[in-house]
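Chemist: Provided below for reference: sequence and predicted model.
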Amino acid sequence: MSALLQLDGLDVFYGASQALDAVSLQVDEGQAVALMGRNGMGKTTTISAACRMLPLRKGRVVFAGQDISAWPSFRAARLGIGLVPEGRRCFPNLTVRENLIAAARRGYWTLERVQHMFPRLQERTDQYAVSLSGGEQQMLAIGRALMTNPRLLILDEATEGLAPVIRREIWTAITRLRTEGLSILLVDKTLAEILPFADSCVILDRGRVVWQGHPKGLDGDIQQAYLGV
Ligand code: ATP
């Protein structure tokens, strides 16, 4: 399998404070990678660096064979990195349909296909995004990312704080995307859902990668030391 995304020795700072220290990870074509760790350990920073939203002090971001370390985020997005950010940013004063169409780029994912995947979005197609529930907004955020027809989908805490029934719907959708061969990098804390889903887990602790491997290898000691389980 070939690497689709490669983060190579990333150092990232916020002012004088170092948030990432030599972070390396790889997502191969068709692979699902889970980025884990307790609060404040650098997961969102890693994702932001991958999407080129933060400057690198050191290291490289390579996507689809191109060094994109110096690229602005819109160019990285155009190359095929689709981000579902923490906090589900949609346009509140556009309808569901308008939100989806605004993100559209040519490819497999169309308005019809996204609405088929999330029937709730179809039912609410003419509603303003601001009037949706948190779970529906999350579905819309995922739909928007799919409408860009990404090669890699990055999800930051896609199910955090949602009701169990909605969480299940979202996990079902993400699992379907993975089965269909989409490459996925996701931040999540729910082991029960990650274990059967991910091909590989990367654990961050205070800005460093402290463990990576197949989720089956996540034994109790590791979980206790780094995930607070
Ligand atoms: P969470 O699970 O809480 O979202 P995280 O693992 O995603 O946490 P980050 O948000 O990447 O962690 O934060 C890593 C470190 O960088 C933390 O110490 C955080 O306080 C700091 N940090 C994050 N964003 C900023 C910022 N904009 N300015 C300054 N420091 C920041």
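Modeler: Received, thanks. Just so you know, these numbers come straight off a predicted model, no measurement behind them.
Chemist: every contact and neighbour count from this point should use C-alpha atoms.
Modeler: Fine.
Chemist: following the chain onward from the lengthiest helix in the chain, which element is next?
Modeler: Scanning the chain for the longest helix, with DSSP state H as the assignment, gives helix 164-179. Following helix 164-179 in sequence order, the next helix or strand is strand 183-187 (DSSP states H and E).
Chemist: what ranges of this protein fall below the confidence cut-off?
Modeler: 1, 229 (pLDDT under 70).
Chemist: flag every residue of it that's near the ligand.
Modeler: With the criterion set to C-alpha under 6 Å from any ligand atom, the chain comes near the ligand through 14, 19, 38, 39, 40, 41, 42, 43, 44, 45.
Chemist: tell me which of those fall in helices.
Modeler: Among these, the members falling in helices are 43, 44, 45 (criterion: DSSP H).
Chemist: most neighbours, which of those?
Modeler: Among those, residue 43 has the most neighbours (other C-alpha atoms under 10 Å), with 28 neighbours.
Chemist: so this protein: which segments form each domain?
Modeler: Residue ranges for the domains of the chain, per automatic domain parsing: 1-80+153-229, 86-150.
Chemist: and the first one, how far out from the chain middle?
Modeler: Right, the one you point to is domain 1-80+153-229. 7 Å (C-alpha atoms, centre = their mean, to the nearest Å).
Chemist: this protein: strands as residue ranges?
Modeler: Along the chain, counting by DSSP state E, strands occupy 3-14, 17-28, 32-36, 58-63, 66-67, 81-84, 152-156, 183-187, 200-205, 208-213.
Chemist: adding mean neighbour count, write these out as JSON lines.
Modeler: Below are those laid out as JSON lines (neighbours: other C-alpha atoms under 10 Å):
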{"stretch": "strand 3-14", "mean neighbour count": "19"}
{"stretch": "strand 17-28", "mean neighbour count": "19"}
{"stretch": "strand 32-36", "mean neighbour count": "27"}
{"stretch": "strand 58-63", "mean neighbour count": "20"}
{"stretch": "strand 66-67", "mean neighbour count": "12"}
{"stretch": "strand 81-84", "mean neighbour count": "26"}
{"stretch": "strand 152-156", "mean neighbour count": "25"}
{"stretch": "strand 183-187", "mean neighbour count": "24"}
{"stretch": "strand 200-205", "mean neighbour count": "23"}
{"stretch": "strand 208-213", "mean neighbour count": "17"}
